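K.L.:
Got a sequence here, can you model it:
(one chain, ligands or ions: 1)
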Amino acid sequence: MSTRAEARASEIFMFDPHAETMAREALTALQTARLKHTLELAYANSSHYRRKFDAAGVGPGDLKSLSDIVRFPFTLKSDLRDNYPFGGMFVVPREQLLRIHASSGTTGKPTVVGYTKGDLDTWADLMARCFASGGILPGDIIHNAYGYGLFTGGLGAHYGGERLGCTVVPASGGGTERQINLINDFRASVLCATPSYALNIAEVAQKMGCDLRHSSLKVGMFGAEPWSEAMRHDLQDRLGLKAIDLYGLSEIMGPGVACECAANQSGLHGWEDHFLFETIDPETLQPLPVGATGELVITTLTKEAQPMVRYRTRDITRLSNEPCNCGRTHVRIMRVTGRSDDMLIIRGINVYPSQIEAVLVGFPGLAPHYQIVLSREGVLDEMRVEVELTPGVMLTDAERTRKAEDVVRHIKSLIGVTCQVAVKAEGEVPRSQGKAVRVRDERKKAR
Ligand SMILES: [Zn+2]
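P.N.:
Prediction:
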């Protein structure tokens, strides 16, 4: 590439071209060898895995090819909680951990993850791959609004950006007006944030009289919560950037497990030299063929401190082996449509918050801020969707009611569920400072 502009325009800059374009046969051989090693490590050094493998009647020697992975037991988030804090899931002595992250569970103890020097190195490499895949080049200024701290988002993106050779601004979450000033003053080309916080930034900027559509921003690396295609278009319009979907979870590594490519923006390349991806039916737990929609299950292939064998992510998606025009050969994880944990069952119909989002975003006269409130009427669960009017729009009560009825009809025809809709004034739906709270459950209180 002779110039920076050409490299950016081509959208096929790779951080590790050798690994990212590896032929399927070589990739399978590498995965098989690494998986064997991971299973041996887990069985030999983790009391947790030894117990689980023994109970299932399998051992590392039973793995002859990748498909034998289905004989091994799943790992659940509760396994991490049960081993709190440094229990039997680590395969190295605690002294070899250079860093700890933890996620607060909604119930009980947090889940703790730990990293060796090698793990941190791999994480930075894979996150650098993701940034390059999203169209970011060495020398770009990354405004990192992922939260720093026990959450893996902030530090994960931070070290990945440095590894690629970018200038990283460790903004973390909150203080939105100041963040917008920094983006403008430093002329950041990349914004890292959760999609809901990016939306908050766009809205606050508008109130400040600052049009981010004409700012220095070129790429948004958005992840850590499921979001819809409609939200992508909305964020691209409001922020004047290319919105890239980034995927990861702390139990597996943190952000950087998979990422869309700027060339295609369709499906996230999952780095198969470091992870084995499967999908299963979340009810029967049986493996699904490539292309079928189900729960994503991930096995780590190079983790040193805390290998994860068949970790159930609860994320609902499908895998695609279709060749990608960016040249990367790694499997694509299609957009996560929701989490099986978040799935709501309203009068017998399965509903994901992201489906509601897709109806609301882009609806004329409505702002893309929403919350789903669950309540119980007698024996039936009721769903109320609270959504806001576009800033500056004033409606009479009768007009609001008509607007709400309009939304009810759209949700009924597109998702098949009957719900109530409350159209609220600007600012009445809580804003995200990190991960958005999409569902408010008032059923327990009522009982
Ligand atoms: Zn691609």
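K.L.:
so where do the strands sit in the stretch 301-447 of the chain?
P.N.:
With DSSP state E, counting those that start in this stretch, the ranges of strands along the stretch 301-447 of the chain come out as 311-317, 319-320, 332-333, 338-339, 344-346, 349-351, 366-377, 380-389, 420-424, 439-441.
K.L.:
what pairs with the longest one, and is each one parallel or antiparallel?
P.N.:
It stands for strand 366-377. strand 380-389 (antiparallel), strand 439-441 (parallel) (DSSP bridges).
K.L.:
Contacts for it, please.
P.N.:
199, 203, 231, 234, 344, 353, 356-357, 360-362, 381-391, 403, 407, 423, 426, 429-431, 437-443, 446-447 (C-beta atoms under 8 Å, 6 or more residues apart in numbering). The way it works is simple: take the backbone N, C-alpha and C, and place the C-beta from them, glycine included.
K.L.:
Buried by neighbour count, from these: which ones?
P.N.:
199, 203, 231, 234, 344, 353, 356-357, 360-361, 382-383, 385-389, 403, 407, 423, 429, 438 (16 or more other C-beta atoms under 10 Å).
K.L.:
can you count the residues close to residue 118?
P.N.:
15 (other C-beta atoms under 10 Å).
K.L.:
Just say helix, strand or coil for it.
P.N.:
Following DSSP: H, G, I helix; E, B strand; the rest coil, the label given to residue 118 is helix.
K.L.:
what's the distance between it and residue 302?
P.N.:
8 Å (C-beta to C-beta, to the nearest Å).
K.L.:
Check residue 326 too.
P.N.:
Taking C-beta to C-beta as the measure, residue 326 falls 23 Å from residue 302.
K.L.:
what's the longest helix out of those in the chain packed up against?
P.N.:
Counting residues, the longest helix found in the chain (DSSP state H) is helix 24-45. Packing partners of helix 24-45 (3 or more C-beta pairs under 8 Å, 6 or more residues apart in numbering; DSSP states H and E): helix 47-56, strand 294-300.
K.L.:
any idea which of these is most buried?
P.N.:
Among the helices and strands packed on helix 24-45, strand 294-300 has the highest mean neighbour count (mean count of other C-beta atoms under 10 Å), at a mean of 25.
K.L.:
Where does the prediction get shaky in the chain?
P.N.:
1-2, 11, 104-108, 444-447 (pLDDT under 70).
K.L.:
residues from it in reach of the ion?
P.N.:
261, 264, 324, 326, 328 (C-beta under 5 Å from the ion).
K.L.:
how about 6 Å then?
P.N.:
With C-beta under 6 Å from the ion as the criterion, the chain comes near the ion at residues 261, 263-264, 269, 324, 326, 328.
K.L.:
now residue 269, which residues is it bridged with?
P.N.:
Using DSSP bridges, the beta-bridge partners of residue 269 come out as residue 259, residue 332.
K.L.:
can you count the residues close to it?
P.N.:
23.
K.L.:
what's near enough to touch the residue nearest to residue 36 when sequence neighbours are not counted?
P.N.:
Residue nearest to residue 36 in three dimensions, not counting chain neighbours: residue 63, with 5.8 Å by C-beta to C-beta, 6 or more residues apart in numbering. By C-beta under 8 Å, 6+ apart, the contact list for residue 63 reads 32, 35-36, 39, 69, 71-72.
K.L.:
now do 7 Å
P.N.:
When contacts are counted by C-beta atoms under 7 Å, 6 or more residues apart in numbering, residue 63 touches 35-36, 39, 69.
K.L.:
Buried subset of those, written for ChimeraX?
P.N.:
Buried members of these, identified by 16+ other C-beta under 10 Å, are gathered into one ChimeraX selection as follows:
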select :35,36,39,69
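K.L.:
so, if you compare the contacts of residue 63, which one comes nearest to the ion?
P.N.:
Nearest to the ion among those is residue 35, at 24.2 Å by C-beta to the ion.
K.L.:
In contact with the closest residue to residue 344 other than its chain neighbours, which residues?
P.N.:
Nearest residue to residue 344 in three dimensions, chain neighbours excluded: residue 351, at 4.6 Å (C-beta to C-beta, 6+ apart). Going by C-beta under 7 Å, 6+ apart, residue 351 touches 344, 415, 417.
K.L.:
go on, residue 247?
P.N.:
Residue 247 neighbours (C-beta under 7 Å, 6+ apart): 223, 257-259, 268, 333, 336.
K.L.:
pull the CA atoms of the strand or helix carrying it into PDB?
P.N.:
According to DSSP states H and E, residue 247 maps onto strand 242-249. Output in PDB follows, covering the C-alpha atoms of strand 242-249 (Å, rounded to 0.1, in the frame of the first residue of the first chain):
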ATOM      1  CA  LYS A 242     -18.700   2.800   9.900                       C
ATOM      2  CA  ALA A 243     -20.200   0.700  12.800                       C
ATOM      3  CA  ILE A 244     -18.400  -2.600  13.300                       C
ATOM      4  CA  ASP A 245     -19.700  -5.400  15.500                       C
ATOM      5  CA  LEU A 246     -17.200  -6.700  18.000                       C
ATOM      6  CA  TYR A 247     -17.700  -9.800  20.100                       C
ATOM      7  CA  GLY A 248     -16.200 -11.300  23.200                       C
ATOM      8  CA  LEU A 249     -16.900 -12.400  26.700                       C
END
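K.L.:
between that strand and strand 311-317, how big is the angle?
P.N.:
Taking axes from the mean of the first three to the mean of the last three C-alpha atoms, to 10 degrees, strand 242-249 and strand 311-317 form an angle of 150 degrees between their directions.
K.L.:
Describe which strands strand 242-249 pairs with in its sheet and in which direction.
P.N.:
Strand pairing (DSSP bridges) places strand 242-249 next to strand 219-223 (parallel), strand 254-260 (antiparallel).
K.L.:
Of all those, which one is nearest residue 15?
P.N.:
strand 254-260 (10.8 Å; C-beta to C-beta).
K.L.:
Tell me what angle that closest one forms with strand 294-300.
P.N.:
Using the same axes, to 10 degrees, strand 254-260 lies at 120 degrees relative to strand 294-300.
K.L.:
can you give me how far strand 254-260 is from the chain middle?
P.N.:
Centroid separation for strand 254-260 versus its chain: 8 Å, with C-alpha atoms, centre = their mean, to the nearest Å.
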